[in-house]
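Undergrad: Generate a structure from the sequence data that follows.
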Amino acid sequence: MFSELSATSNFTFLTGASHPEDYMLRAEELGMQAIAIADENSVAGIVRAHQKARDIARAIREREAWEATHGPMGPLKPGHVPPRPRPPRLIPATRLVLSDGMEITALPETRLGWARLCRLISRGRLRAEKGSCHLTVEDLIENGMEALRLILHPPRSLTTRYGARAWQEQAQRLMRRFATQMTLALAPAYDGQDRARFDAQAALADRLGLPTVASARPMMHHARRRKLADVMTAIRTGRTVDDLGRDALANGEQRLRSEAELRRILGPHEGAVDRTIALAETLTFSLDELRYEYPSEIAQGETPAARLSRLARAGLKWRYPHGAPENVKNMLDHELRLIAKLNYEPYFLTVHDVVAFARSRNILCQGRGSAANSVVCYCLGVTSVSPEVGTMVFERFVSEARDEPPDIDVDFEHERREEVIQHIYERYGRHRAGLCATVIHYRGKRAIREVGAAMGLTQDTISALSSQLWGFFAAGGMAAQRMREIGLDPSDPRLKQTMALIHEIEGFPRHLSQHVGGFIMTEGRLDELVPIENATMEDRTVICWDKDDIDTLGILKVDVLALGMLTCIRKAFDLLVRHENLDLDLATIPPEDSRVYDMLCKADTIGVFQVESRAQMNFLPRMRPRCFYDLVIEVAIIRPGPIQGDMVHPYIRRRNGEEQVQFPSDELGKVLGKTLGVPLFQEQAMQIAIIGAGFTPEEADRLRRSLATFKKHGNVSEFRTRFMKGMEKNGYDAEFADRCFSQIEGFGSYGFPESHAASFALLVYASSWIKRHHPGIFACALLNSQPMGFYAPAQIVRDAREHGVEVRPVDINASHWDNTMEREGSRLALRLGFRQIKGVGEEEAEWITAARGNGYHSVADVWRRAGVAPSLIERLAEADSFAGIGLDRRTAIWEAKALRPGAPLPLFDGDMDGEGIIEPAALLPQMTPGEEVVEDFVAMRLSLKAHPVAFLREVLTPGYAAWIAAQQKEVAED
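TA: Numbering: from 1, shown residues only. Model prediction:
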């Protein structure tokens, strides 16, 4: 059977017109032995093809198992024995496009060949900007291409003497180095000149002493993608389809070909097909060989197992200074045994070391994820959530059935995460660590904008289409009536074709970006596992595979994420130590404080993590949380998944005793008991599938993957038939089964795991505790951590004042860059910092603070002593920061405008404290209170003088004012 050895997928961005998965499915239809996805200087799409090959093989096995029991699926002719189906094999490859004009498909024979190929691509990409690759023939010779087979692609035309001679010189250089590894490709161009071209290329192969192989050089899996290929060429080149000229495909022939088709095209040169088949049989390398390359974490001769056990047991004494409960000890022993059995110790040690570095730098962090809320992670300090919370079972996340690494995400202070990232690079080296990629796909407006421009639509038409984005994509197409409503003609041929192409390109990869924090770390060289390239951000290097690819291959990934609330809590802890002599961390905050829950029940949660949205504020008085696990449910329930699955109202009715809690079976009662029979967590969805519908652990894991957070196109519905039949077989009625699956399907939008909810709930409690007991410190820390959260500084300040906190304005002699707390007797007041003033930078504020000494006495004094620009002093004046020295806003602005950037500083201008001003003061009119408030908001986005509505109350109708008062009274009573 024939094998295609040089197919271009859409991971050669804006060039290939088919997904890697499309090629695998088409190769199965054509009965091909193997196919090589060979994208330009990249292996970004290979893992997707690898996963599709696995899916095809599994489907064939399942069909064979079914037929072994039930007989053939279709009628057979007498005496006919159907051939045993074989899934197409993926051959990993890449097409090396060199800067000196050579084009070579490189195919690894073994793991060593793959390592050589990845290092070569890394070399080319690390010396170029993001998205580019610079390689030459010299690089191939220096790098070495052991265990690689190289297919040399001759230029389409050999008629230009100089070009042909230069190309042959380079080819001969490669021949001298890699003669036994090289072949020359015969590939049709489908332009009517192929027979003559094949003769010339075969003659060239004879001169070079190279055997020939055959390739269709497909750009698409099927001819119907021809129009889309032209659209992508237009997008890539910045032209319209009408202006492509010779760059447009002449026909739809450059597609994946069967063996019979290619033999017919090659004619007398069809022997190249036989050589291709023979070559493909020697290419046995599989991506499955890339697994389990974790950092060994062996330190000073201590094995990973011994080190993990030592650290965990030491952590047990630290977490439980008065002795750990017996059940916790048993859980720890059980988890350590399971981790040792699966050889996952290096993973947990790697996460521990990253967290230990952060703690050594006083960077607050909190682990979450499938395996984070375990006794081991609690003892290692990865998480501060007690493993006794909830009823999570460790085997759901670390099990032999799943045979993949556990999942642990670690959130760090968003202002200091870069320190952790650079530490990982320094510790492992950039050849052993890199960030995962994120594939940016065509969605919504980008598809409309770029395809519309390529098809020559006007910007007005594109804008009109974009304005109907929701109806367009949600309904699977824009109705003719809707198009007429926005002034478009739905019968226009160009518009109809554009709409079809927009839908076709949706989901195509556009380019690679970097993941928000997913790090992959390896024991050996990372650049021998996957190519590394530069990111757009300085000092960042990334790999070309995304998190789904990493999951497919079972490779270690630790998510190093940023969380603004951790920054806020860390700053609040520091303020508590400084002003209240109270040393706390996430694990030592006083638990289960009834006053905290009272505050939450009143929805007094401005600034509190996760429960500050209007939806959460409306839900809290109905939920009335009274314990930590209530917060776990609170975090998880107000999400698109539970809301879409109609889980919120049934849960509240059952919690309030308005509806009886019933379980369809004792088995499902054990799964759903803690959530009153309503599935709220991703783990429960998996357990319902296993217990209720008879899913295998493998099928349940596939269901879990389909529930992945933020999936744009989930495939949950493909499990529906299997689920419904399984529930019926186990005795559950169809109505209950349908309701269960609808709830599970809701997780396709956003399925929240219980482990994540528990970690977030701890931060909810911590931020609530600080706000309840130290509202001034909480507001100060929140302002110093901006931008973050739902609320603007004005709302945070107003909320603090409503909680009895004195808030003092920005003052040239009292403020620092950050907002600070000032003690006056037994009370703390919040002093606004220079950071609240728009246009003032931290470095400039530090200069002003450092030069202040015993205080400034005038506007010119700040200019003279701090040496800052007059424009900055003008911004300080506009924020009324000179009021503390007796200058009103207009006077300070007048004096600031009198300063000249190039004017010399007078030696004896006024006294030694700097009272001199370049121009005499003028008599300026006083600003009205309304003007003061407006200027405050312009300069700082907040005002301590009055609320803007206060100046409008007189014009409000009595009825409206009474309505506002009634609403405020109702909220207060609730």
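Undergrad: Flag every buried residue along whichever strand or helix holds Thr438.
TA: Secondary structure from DSSP states H and E places Thr438 in strand 433-441. By neighbour count with 16 or more other Cβ atoms under 10 Å, strand 433-441 contains the buried residues 433-439, 441. From N, CA and C alone the C-beta is placed, and that goes for glycine too.
Undergrad: try stretch 891-900
TA: Under 16+ other Cβ under 10 Å, the buried positions of stretch 891-900 are 891-896, 898-899.
Undergrad: and that stretch, C-alpha only, in CSV?
TA: Taking C-alpha atoms only, stretch 891-900 is exported to CSV below (Å, rounded to 0.1, in the frame of the first residue of the first chain):
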residue,chain,number,x,y,z
THR,A,891,-3.0,77.9,42.4
ALA,A,892,-0.8,74.8,42.3
ILE,A,893,-1.6,74.3,38.6
TRP,A,894,-0.8,77.9,37.9
GLU,A,895,2.6,77.6,39.7
ALA,A,896,3.3,74.3,37.9
LYS,A,897,2.7,75.9,34.5
ALA,A,898,5.1,78.7,35.4
LEU,A,899,7.9,76.2,35.5
ARG,A,900,10.0,75.9,32.3
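Undergrad: now that stretch: mean pLDDT?
TA: For stretch 891-900, mean pLDDT is 86.
Undergrad: Next: stretch 649-656.
TA: 87.
Undergrad: And stretch 806-820, by the same measure?
TA: 94.
Undergrad: Can you pull the phi/psi pair for Arg149?
TA: Main-chain torsions, Arg149, degrees, to the nearest 10: phi -100, psi 130.
Undergrad: What is the neighbour count of it?
TA: For Arg149, the count of nearby residues is 24 (other Cβ atoms under 10 Å).
Undergrad: any idea of the pLDDT on the closest residue to it other than its chain neighbours?
TA: Once flanking residues are discounted, Arg149 sits nearest to Leu107: 4.7 Å by Cβ to Cβ, 6 or more residues apart in numbering. You'll see Leu107 listed with a pLDDT of 97.
Undergrad: tally of neighbours for Leu107?
TA: 26.
Undergrad: Please state the offset of the helix or strand where it lies from the chain centre?
TA: Using DSSP H and E, Leu107 sits within strand 103-108. Taking the mean of its C-alpha atoms, strand 103-108 sits 32 Å from the chain's own mean (Cα atoms, centre = their mean, to the nearest Å).
Undergrad: in the stretch 651-800 of the chain, what spans have low per-residue confidence?
TA: For the stretch 651-800 of the chain, the stretches with pLDDT under 70 are 701, 704-718, 743, 746-751.
Undergrad: show me where it has helices.
TA: In the stretch 651-800 of the chain, the segments counted as helices under DSSP state H, counting those that start in this stretch are 666-672, 682-687, 697-706, 720-729, 734-750, 754-773, 775-784, 793-802.
Undergrad: Minimum distance to Ala877: which of those helices has it?
TA: With respect to Ala877, and counting by Cβ to Cβ, the nearest of those is helix 793-802 at 19.9 Å.
Undergrad: Mind listing what's buried along that closest one?
TA: 793-794, 796-801.
Undergrad: The helix or strand following it pairs with which strands, and in what direction?
TA: Remark: after helix 793-802, the chain's next helix or strand is strand 806-808, criterion DSSP H and E. According to DSSP bridges, strand 806-808 has the following sheet partners: strand 827-831 (parallel).
Undergrad: Pull the residues that contact the strand it pairs with.
TA: 579, 776-777, 779-780, 797, 800, 805-808, 811, 814-815, 819-823 (Cβ atoms under 8 Å, 6 or more residues apart in numbering).
Undergrad: Let me see the mean pLDDT of it.
TA: Across strand 827-831, the average pLDDT comes to 94.
Undergrad: any low-confidence regions in the stretch 101-250 of the chain?
TA: 157-163.
Undergrad: Tell me which stretches of the stretch 251-400 of the chain form strands.
TA: Using DSSP state E, counting those that start in this stretch, the strands assigned to the stretch 251-400 of the chain run over residues 365-368.
Undergrad: Val678 and Leu672 touch, don't they?
TA: Yes: between Val678 and Leu672 there is a contact at 6.9 Å, judged by Cβ atoms under 8 Å.
Undergrad: Please state the offset of the strand holding Thr438 from the chain centre?
TA: With Cα atoms, centre = their mean, you get 8 Å for strand 433-441.
Undergrad: Which of the helices of the stretch 651-800 of the chain sits closest to Met565?
TA: Taking those one by one with Cβ to Cβ, helix 754-773 is closest: 5.5 Å.
Undergrad: Pull out the CA atoms of the closest one and give them to me as CSV.
TA: Extracted C-alpha coordinates of helix 754-773, given in CSV (Å, rounded to 0.1, in the frame of the first residue of the first chain):
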residue,chain,number,x,y,z
GLU,A,754,-14.1,20.1,42.8
SER,A,755,-10.3,20.4,43.4
HIS,A,756,-10.1,23.8,41.7
ALA,A,757,-13.2,25.0,43.5
ALA,A,758,-11.7,24.0,46.9
SER,A,759,-8.5,25.9,46.1
PHE,A,760,-10.4,29.0,45.0
ALA,A,761,-12.7,28.7,48.1
LEU,A,762,-9.7,29.1,50.3
LEU,A,763,-8.9,32.4,48.6
VAL,A,764,-12.5,33.4,48.9
TYR,A,765,-12.3,32.8,52.7
ALA,A,766,-8.9,34.4,53.1
SER,A,767,-9.9,37.6,51.3
SER,A,768,-13.3,37.7,53.1
TRP,A,769,-11.6,37.3,56.5
ILE,A,770,-9.2,40.2,55.8
LYS,A,771,-12.0,42.4,54.5
ARG,A,772,-14.2,41.6,57.5
HIS,A,773,-11.6,42.2,60.2
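Undergrad: Now do it against helix 793-802, angle only.
TA: 60 degrees (axes from the mean of the first three to the mean of the last three Cα atoms, to 10 degrees).
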